[in-house]
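>>> Using only what follows, build the 3D model:
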Amino acid sequence: MVAEQYRLWYAPDVTRADLSTAAVAVAAGIDARGLAEAVFTDEMRQRFADMAHDIMAPHIEAALKPLRDDIVAAAMRSLDTESIRQLTETVARDVIDRAGIIEAADRSGYRTALYAIAADHLGYVTTEMADVVGVPAVELRKIAARGGLTNVARGLYRVDGIDGGDRAPYAEAVYRVGQQAHLHAESVLAFHQLALVNPTRIKVATTRRVRRQLPAHIQLVHAAVDPGELTEYDGVPSATVTRAIRDSIGAVMSDRLIEATRRAADEGLIRRRHVDPLLAEIAAA
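Numbers count the residues shown, from 1 in each chain. Okay, here's the model as predicted:
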């Protein structure tokens, strides 16, 4: 059988067509004497192609390696160091890009950036915050669709796995209202657990007209506040505690505001030099 297969490969009277057919027969394990009657399937031909590749590829690689090395060496001699570096980076990036690694790394980087933002904002991320760190709004939507983010409202997401605690509802209220919004009056005191206040609605102040529908527990207040009396607590835009106490005079009992002022000073939320003037305002109301 082996001699017959050898003759089929090398006999001068065998045509190219016969040779091709014979080759498939050899790979398929068919007796060459039955070639005329044999039917060769695509699977047989593929088996032969695979076998030929396995046999020939190492020999071709070995034969071409010296030539390839000479070509690369000649090319490198014509390039300076910077050109070689750029060429190497281009080739490496192309290989990585083809493997889909760059896209995966970008997405992983997006998640890392979003998590870092959320950690500083009680678990929340807005499209504006994401844009600052280079995460497009479209990527926010993609990540939310795949899991890891919850779309709370238009342009507002909560990062799963970060617990904002009792302060989270205040952050969400401000972020729902949008830019140029901040915690107002007794809601600032409740945020810091001062004055024993526990309002059923969260007051959020803004100078903008808000068209979006807000949940019932958010009370919108139109108020202009001096920029010097605005700050952030845990990443949440807010009136300062000093301003909040002033805005709460008449709405919260005086003795509670007095206690809140003293506690706030002890906790570093109010400067000591502001305490006496503030207490005088409360007493005069």
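>>> from memory residue 155 sits against residue 130, does it?
No - using Cβ atoms under 8 Å, residue 155 is not in contact with residue 130; the gap is 9.4 Å. Backbone N, C-alpha and C define where each C-beta goes, glycine included.
>>> any idea what sits nearest residue 130, other than its immediate chain neighbours?
Excluding its sequence neighbours, the residue lying closest to residue 130 (Cβ to Cβ, 6 or more residues apart in numbering) is residue 140, at 5.6 Å.
>>> Kindly report the same for residue 188.
residue 244 (3.5 Å).
>>> need the helices for the stretch 51-200 of the chain, in chain order.
Taking DSSP state H, counting those that start in this stretch, the helices of the stretch 51-200 of the chain run over residues 81-98, 101-119, 127-132, 137-146, 168-177, 186-191.
>>> where among the ones you listed is the average confidence lowest?
Mean pLDDT is lowest for helix 81-98 among the helices of the stretch 51-200 of the chain, at a mean of 55.
>>> which residues sit in contact with the residue nearest to residue 188?
Residue 244 makes contact with 183, 184, 185, 186, 187, 188, 189, 238 under the criterion Cβ atoms under 8 Å, 6 or more residues apart in numbering.
>>> for residue 214, same thing?
Residue 214 makes contact with 176, 177, 220, according to Cβ under 8 Å, 6+ apart.
>>> Over to residue 172?
124, 152, 156, 158.
>>> where do the strands sit along this structure?
124-126, 149-153, 156-159, 181-183, 202-206, 218-222, 230-233, 236-239 (DSSP state E).
>>> pLDDT value on residue 208, please?
89.
>>> Would you mind measuring from it to residue 202?
Noted for residue 208: a distance of 17 Å to residue 202, by Cβ to Cβ, to the nearest Å.
>>> ok so, going back, could the contacts of residue 172 go into CSV alongside pLDDT?
Listed next are the contacts of residue 172 as CSV, based on pLDDT from 0 to 100:
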residue, pLDDT
124, 95
152, 93
156, 95
158, 95
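>>> who wins for most neighbours among the residues you listed?
The residue in the contacts of residue 172 with the most neighbours, by other Cβ atoms under 10 Å, is residue 124 (25 neighbours).
>>> wait, it sits on residue 156?
Yes - using Cβ under 8 Å, residue 124 is in contact with residue 156, at 6.6 Å.
>>> so what sits against both of these two?
With Cβ under 8 Å, 6+ apart as the test, residue 124 and residue 156 both reach 172, 175.
>>> Quick check on residue 161: phi, psi?
Dihedral pair for residue 161: phi 100, psi -10, per degrees, to the nearest 10.
>>> Can you get me a residue count around it?
Counted with other Cβ under 10 Å, residue 161 comes out at 10.
>>> Could you do residue 123 as well?
For residue 123, the neighbour count with other Cβ under 10 Å is 25.
>>> My guess is it contacts residue 164. True?
Yes - if you go by Cβ under 8 Å, residue 123 and residue 164 touch, sitting 4.2 Å apart.
>>> Give the residues shared as contacts by these two.
Contacts common to residue 123 and residue 164, judged by Cβ under 8 Å, 6+ apart, are residue 171.
>>> What is the nearest of the contacts of residue 214 to residue 227?
residue 177 (17.8 Å; Cβ to Cβ).
>>> For that closest one, which non-adjacent residue is closest in space?
residue 204 (4.8 Å).
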